[in-house]
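Trainee: Here is a sequence together with a model predicted from it:
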Amino acid sequence: MTANNDNTLDQEHAQQPKMVTVEIDGKPHQVPAGITLMKALWYTGQEVTRGAGCLGGFCGACGTYYRTKDDPKVKTCLACSHAVEDGMSFSFAPSFPARKATYDLNVLENPKQDLFELYPETPLCRNCNACTEACPQNIDVREGVWKAVFGDFKTVSETFMDCVMCGMCAPVCIADIAPSLVAVYASRAYGVREMEKPPGLADRIKAIEDGQYQEDWNRVLNMTDAELQQASANIQ
Amino acid sequence: MDIHALHEVVHTSRDARRTHILPKLSPAERDTLIKKYHPDHREAAYRPVVFGPNKGDLTVRELASVLEGDSPIPTDLPLEPDHTVDVLVVGGGGAGCAAALHAHAEGAKVLLATKLRLADSNSVMAQGGMQIAVAPNDSPVQHFLDTLKGGHMKNDHDLLKTMVEEGPSIAKWLLELGVLFDRDADGNLHVKKGGGSTKERLLTCSDYTGLEIMRVLKDEVLNQKIQLLEFAAAVELLSDEQGACTGAVLQDLDNKRFVVVAAKTVILATGGIGRLHIQGFPTSNHYGATGDGLALAYRMGSPLVQIDTFQYHPSGGVYPEQLVGQLVTEGIRSEGGHLVNAKGDRFVNELDTRDVVSSSIIRECEEGRGVRTATGRVGVWLDTPLLEAEQGEGTLDKHFPAMVRQYERYGVDIRKDPVLIYPTLHYQNGGVKIDSNSETPVKNLFVAGETSGGLHGRNRLMGNSLLDLMVFGKRSGMTAGARVKTASQGKLTLNHLQRFRAEAKKHGVTGQVTSPMVLPAYTRMHTA
C-alpha cells in the first residue's frame, strides 16, 4: 500500500490502542477505547446469541441500557452502534412480553376507532414522556402515541419511520402501552386504508398481463449473446 | 493530520467538480479495470472444491471449507418428529417472510424457523430501494437488459425475466399490505435512478426501504399466526429413499437441543455469506450471514452456480472505526454525490455498476491516491455536502435520515463534511441453482433470495435484491404451498449425509470444520 504521510487521520485511540474500563452486567472489564458495546462483549469473551441482529443499527435486536460515569441517568442505545466510554456501565435489555394485537387491515370497519379495541390502553397515556426518553432513535414517541389516539395516522407513519422496533419504549410505560406496535398498526392502516393506489402501477400490471411487451420479449430472447450485449450497451 | 484538514481538499475542489462530467467506461475498459483490481480476480484467494456436486469448481477458500464441512448431527440421531408441517421455511428475512405468507395463503401449515429473531436480516438494512419498472418511460424488458449488462451477460434468462415481469405485482402486494413507498405529487410511485440502470426505477421509503418492508412483513406474519421458532438454526436437512427433501433438523440455540421437523417441502431462505469475511474483508452483513443454506443444500446434492463471484459494495464505512464495514447508502451517489480521491479529483462515474466503482476505489487506494486512517485503513471521500449545495439545505435530512443519524452518533455531520469509504463485502452473487419456481434439482427443496444463484449473473444491480427476495419468496411459497395439497410426507432419513460423509472420507477431508457455522466466532477473534 503506498500512501504519503499527509493523508493520515488523527485517531488517538487507534494510534495507541487505549484501554478503558467498562462495567458489563455489573462486572468490570478492560476494553479498547472507541469500540462498540457489541464488540466490547465479544472482546470480553461473551458469546452473543440473543441480542445481536443486523449489526448495522436497523433491526433493534441489541437494545441496551447504559450509564456514563457518575451520571445517575440510565439511557438506552443500540449496542451495535454506540461506542464505549471510560467508566460506562451497560447491560443488554431483556426481551419484553408486550402484547401484539392481531388484525386484518382490509376488513376492519374503522381503523381509527378499532385502535381502541385492539390496543385499548393507548388513550390511557399519562404523558410521563418516559417512552420518548427511552427511544434510542430519538423519536418523539409520546407525541406519536397521541397522534394515533387522535387518528392522525399519517403523522404517526412519518414520526415512526425511524423506528427499529427495539421495543425499549414498552417496559417504561406505566399505562402498559407498546408504542412501537401501536405505530406499526397505525402506519399500516394509513397505507392500506387512506393512501390512494398509484394509477400508473395498475396500468403497468395490465400491460404486462395483456402481453404488450411480448414483441420486445420475442426479439430480445431470440438474440445471440453478442446481440444481447450490443442491445444492452445501446439502451439509453 | 486532523480530519478537518484532510476534508479541505473536498471542500476546495467541490465547485470545479460540479461541472465535470465523467464518461462511463467502454466494455473493454471495464473488463480491464475489473480484472486488475476486483477481489474476484485474486487467484490466491481461490481453490477448487474437493468433492460434491461442484467438485473441481473454484471458489473462495472460506466458502470451500464451509461446503466440505461436516454436519454436527450424529448419523444415528433419532428422527422422531417434534413438528410435522406442510412447509418449513428456514430464515426470517425478506424471502423467508414472503415465502411463509404465500405458502400460508395457499392453505398450507407453515413453520418459520430462524436462528435470530423474525426479521433480523440483511433485508432490514436495505437502504437504496427496490428496482421495479413502473415509470412510463420504462419497461420490464429495459429492466431485463440493464440487469443483464450489470451481471456481465451471465444472468439466467428465465429467472431474470420472471423477476422483472413480476415486479409491478409485487409493488401492488406490498402497497396492499401497507408499505409506504415514496410518492410523486400525482400519487404515482416515486422512482430514483440506481447505479447501472438506464431508467429511474428504484422504489424507496426514504432510506429505510428494507426496514419499512420488514416491519410490515413481520407484523403480517404475526397477524396470520404463522408458527414461529426463533433462535432455532437449521443444521441438517432430511431426505427420503429417493433423495427428495422431507424436513430438517434444527438446533435450538438456547438449550442446544436438536429439533426434528417433518415437512413435505422445505424453503431455504438463509441469506448470504458476509460473515465468512472472505479475503479478510469487513462486511455490511448481519450477524447470521454465514452461508448456512449453501452448506445444507450442498450436502443434499444440490449444485451451486457462480460461487466464484461476490459483490463488494463500493461504500463501506472506514472512519470512524465503529462504522468499519457498515454500509453507506448508494443513494448518495444516485443523487449525485461524488467520489473524491486524496487529491480532490473524481476518478469514476459514480453511477457505474458496483463492481466497476469498487474496482476503481481499490485502484485509487493501491496507487497512493487514497486517504489513510491511523488504524491503517484506507479509503476515498464520498462528498455528502455536495447534495446540500446542489439541492438545498435539508436535503440530507429529508432523503437520508438514517445516514445522518448513523454518523451523528459518532459526532460526524455529513451535511458539512464528507465521509471516508472503501468497498465492503456485501453480497453473494451466486448460490444454489434454482428454476423459476425457486425449486432446486433436489425435489421438494426450494431456495429463495440471496442463498439462490443465477439471477444476478456476476454482479447484482442495486435494488434488485429486495425484488429478488419478494418474487422468489412468493414463487417458492406458492409452489410449495400448492404442492402439499397432493403430496404426502416422505420418510425421514439421513441417507444423504451418510453418502456425503463417505465422499468426504474418500477424498481425505477429515471434518475439522463443523458446518453450517450458524454464528461467527467473534469471541475468539476478539474483533469483527
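Mentor: Cool, got the structure.
Trainee: Okay, strands next: where are they in chain A?
Mentor: Using DSSP state E, the strands of chain A run over A:19-24, A:27-32, A:63-67, A:75-78, A:89-92.
Trainee: The stretch 1-150 of chain B too?
Mentor: Using DSSP state E, counting those that start in this stretch, the strands of the stretch 1-150 of chain B run over B:46-48, B:58-60, B:83-90, B:110-113, B:130-131.
Trainee: Looking at the ones you listed, spot the one closest to chain A.
Mentor: Shortest distance between chain A and the strands of the stretch 1-150 of chain B, using CB to the nearest CB, is found for strand B:130-131: 13.1 Å. Bear in mind the C-beta positions are built from the backbone N, C-alpha and C, glycine included.
Trainee: For that closest one, name the packing helices and strands.
Mentor: strand B:200-203, helix B:464-483 (3 or more CB pairs under 8 Å, 6 or more residues apart in numbering or on different chains; DSSP states H and E).
Trainee: Export the strands of the stretch 1-150 of chain B to CSV and append columns for mean pLDDT.
Mentor: Listed next are these as CSV, based on pLDDT from 0 to 100:
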stretch, mean pLDDT
strand B:46-48, 97
strand B:58-60, 97
strand B:83-90, 98
strand B:110-113, 98
strand B:130-131, 97
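Trainee: re the thing from before, can you list the strands of chain A in CSV and add mean neighbour count, mean pLDDT and distance to chain B?
Mentor: Converted to CSV, the strands of chain A look like this (neighbours: other CB atoms under 10 Å in any protein chain shown; pLDDT from 0 to 100; distance: least, CB to the nearest CB, whole Å):
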stretch, mean neighbour count, mean pLDDT, distance to chain B
strand A:19-24, 18, 96, 13
strand A:27-32, 15, 94, 9
strand A:63-67, 20, 98, 12
strand A:75-78, 21, 96, 8
strand A:89-92, 20, 97, 13
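Trainee: By mean pLDDT, flag the weakest helix or strand of the chain.
Mentor: Here I'm looking at chain A. Lowest on mean pLDDT, DSSP states H and E among the helices and strands of chain A sits helix A:12-15, with a mean of 52.
Trainee: Hmm, no, I was thinking of chain B.
Mentor: For chain B, counting by mean pLDDT, DSSP H and E, that's helix B:522-525 with a mean of 68.
Trainee: Name the nearest residue to the residue positioned nearest the centre of chain A, ignoring sequence neighbours.
Mentor: Geometric centre of chain A, nearest residue: A:Val164, 1.9 Å, by CA atoms, centre = their mean. Nearest residue to A:Val164, sequence neighbours excluded (CB to CB, 6 or more residues apart in numbering or on different chains): A:Gly60, at 3.6 Å.
Trainee: Tell me how many other residues surround the one you found.
Mentor: As a burial measure, A:Gly60 scores 24 neighbours (other CB atoms under 10 Å in any protein chain shown).
Trainee: do the same with B:Thr84
Mentor: 14.
Trainee: and it, what are its bridge partners?
Mentor: For B:Thr84, the beta-bridge partners are B:Ala262 (DSSP bridges).
Trainee: Now do the same contact list for A:Gly200.
Mentor: Taking CB atoms under 8 Å, 6 or more residues apart in numbering or on different chains, we find A:Gly200 in contact with B:Val134, B:Ala135, B:Pro136, B:Asn188, B:Leu189.
Trainee: Just give me how far stretch B:427-442 sits from the chain centre.
Mentor: In terms of CA atoms, centre = their mean, to the nearest Å, the centre of stretch B:427-442 is found 14 Å from the chain centre.
Trainee: before we move on, what about stretch A:62-78?
Mentor: Between the centre of stretch A:62-78 and the centre of its chain there are 19 Å (CA atoms, centre = their mean).
Trainee: In three-state terms, label B:Trp381 for me.
Mentor: Under DSSP: H, G, I helix; E, B strand; the rest coil, the three-state class of B:Trp381 is strand.
Trainee: Looking at the stretch 401-528 of chain B, what residue ends up closest to chain A?
Mentor: For the stretch 401-528 of chain B, CB to the nearest CB, closest residue to chain A: B:Tyr522, 4.1 Å.
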